[in-house]
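K.L.:
Coordinates for the following, if possible.
(2 chains)
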Amino acid sequence: ETGVTQSPTHLIKTRGQQVTLRCSSQSGHNTVSWYQQALGQGPQFIFQYYREEENGRGNFPPRFSGLQFPNYSSELNVNALELDDSALYLCASSLTSGGRTDTQYFGPGTRLTVL
Amino acid sequence: QQQVKQSPQSLIVQKGGISIINCAYENTAFDYFPWYQQFPGKGPALLIAIRPDVSEKKEGRFTISFNKSAKQFSLHIMDSQPGDSATYFCGYQTGANNLFFGTGTRLTVIP
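P.N.:
Predicted coordinates for the structure are as follows:
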């Protein structure tokens, strides 16, 4: 088990609503990355936060946004939910040092269902 | 962004057999290649990882073989057990850049 925790475990929303997912990083880590994993697919990179700033973004629209807090925990916000946003959302924490991000350790994920 | 091709999509192996999963990449800038194991409803867990300066890395029953000239790397699971039944993802990363995953291989080990 990694020290990465995510909340909530499951969430059901309706189309058009907004959602906030939370992640607490492993002790000693300063970087948080978020991924979306649709059923039967590999995780797709959404974005990464380092030193409270976005440090890279995948092919996701601006309605996906995030925050990182001084204690390195992070939030993922999704506005105007669409049916295709239904997925497992994964948070991974890692240590970035000397411009390099080390191994990423994943939390258990939040299962989001959009009806 | 299909920069890594993972095969096979699914694999059935007898208990005690060898499971082999392959990945082929295109971008020679990748310098970190982890393998993750994922059980249903759980997050991916790091299994083993390699950098291109070595050709093989072994941890217990798990071995990564890396062929830099062919731009291929593979995961070998020796003495496969029913508890190894899971989905396996190869990953690839460059320096401070972000981690990308292959398409996954669903392994079933039958008793």
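K.L.:
okay, CA-based contacts and neighbour counts for the rest of this
P.N.:
OK.
K.L.:
Enumerate the residues of chain A near chain B.
P.N.:
A:41-45, A:48, A:56, A:90, A:96, A:99-101, A:104-109 (Cα under 8 Å from any Cα of the partner chain).
K.L.:
Residue ranges in chain B under the pLDDT threshold?
P.N.:
Across chain B, the ranges flagged by pLDDT under 70 are B:1-2, B:95-97.
K.L.:
do that again at 50, thanks
P.N.:
Across chain B, the ranges flagged by pLDDT under 50 are B:1.
K.L.:
Can you pull up the residues of it that come close to chain A?
P.N.:
B:41-46, B:89, B:95-104.
K.L.:
number of nearby residues for residue A:80?
P.N.:
Neighbourhood size, residue A:80 [other Cα atoms under 10 Å in any protein chain shown]: 13.
K.L.:
What is the burial count for the residue nearest to it when sequence neighbours are not counted?
P.N.:
Residue nearest to residue A:80 in three dimensions, not counting chain neighbours: residue A:16, with 4.1 Å by Cα to Cα, 6 or more residues apart in numbering or on different chains. Using other Cα under 10 Å, residue A:16 has 14 neighbouring residues.
K.L.:
next one: residue B:15
P.N.:
Residue B:15 has 18 neighbouring residues, counting by other Cα under 10 Å.
K.L.:
Looking at per-residue confidence, what score does the residue nearest to residue A:80 get?
P.N.:
pLDDT for residue A:16: 97.
K.L.:
likewise the one 10 residues further on?
P.N.:
What the model reports for residue A:26 is a pLDDT of 91.
K.L.:
Just to check, it is in contact with residue A:3?
P.N.:
Yes. Between residue A:26 and residue A:3 there is a contact at 4.6 Å, judged by Cα atoms under 8 Å.
K.L.:
Quick check: neighbours shared by those two?
P.N.:
By Cα atoms under 8 Å, 6 or more residues apart in numbering or on different chains, residue A:26 and residue A:3 have no common neighbours.
K.L.:
Show me where chain B has its strands.
P.N.:
Ranges of strands in chain B, per DSSP state E, are B:4-7, B:10-14, B:19-25, B:33-38, B:45-50, B:56-59, B:62-67, B:72-77, B:86-92, B:100-101, B:105-110.
K.L.:
Could you point out which of the ones you listed sits nearest residue A:10?
P.N.:
strand B:33-38 (18.0 Å; Cα to Cα).
K.L.:
between the closest one and strand B:62-67, what angle do the directions make?
P.N.:
On the basis of axes from the mean of the first three to the mean of the last three Cα atoms, to 10 degrees, strand B:33-38 is oriented at 140 degrees to strand B:62-67.
K.L.:
Partner strands of the one helix or strand in chain A whose mean pLDDT sits lowest and their direction?
P.N.:
The weakest-scoring helix or strand in chain A, judged by mean pLDDT, DSSP states H and E, is strand A:100-101 (a mean of 76). Here strand A:100-101 is paired, per DSSP bridges, with strand A:96-97 (antiparallel).
K.L.:
Mean confidence (pLDDT) on the partner strand, please.
P.N.:
84.
K.L.:
ok, and the one residue sitting closest to the centre of chain A, which helix or strand is that part of?
P.N.:
The residue lying closest to the centre of chain A (Cα atoms, centre = their mean) is residue A:34, at 2.8 Å. Per DSSP states H and E, residue A:34 falls inside strand A:31-37.
K.L.:
which outside residues touch the very next helix or strand once past that strand?
P.N.:
Sequence-wise, the next helix or strand downstream of strand A:31-37 (DSSP H and E) is strand A:44-50. Residues from elsewhere that reach strand A:44-50, judged by Cα under 8 Å, 6+ apart: A:30-37, A:54-60, A:64, A:67-68, A:74, A:96, B:98-101.
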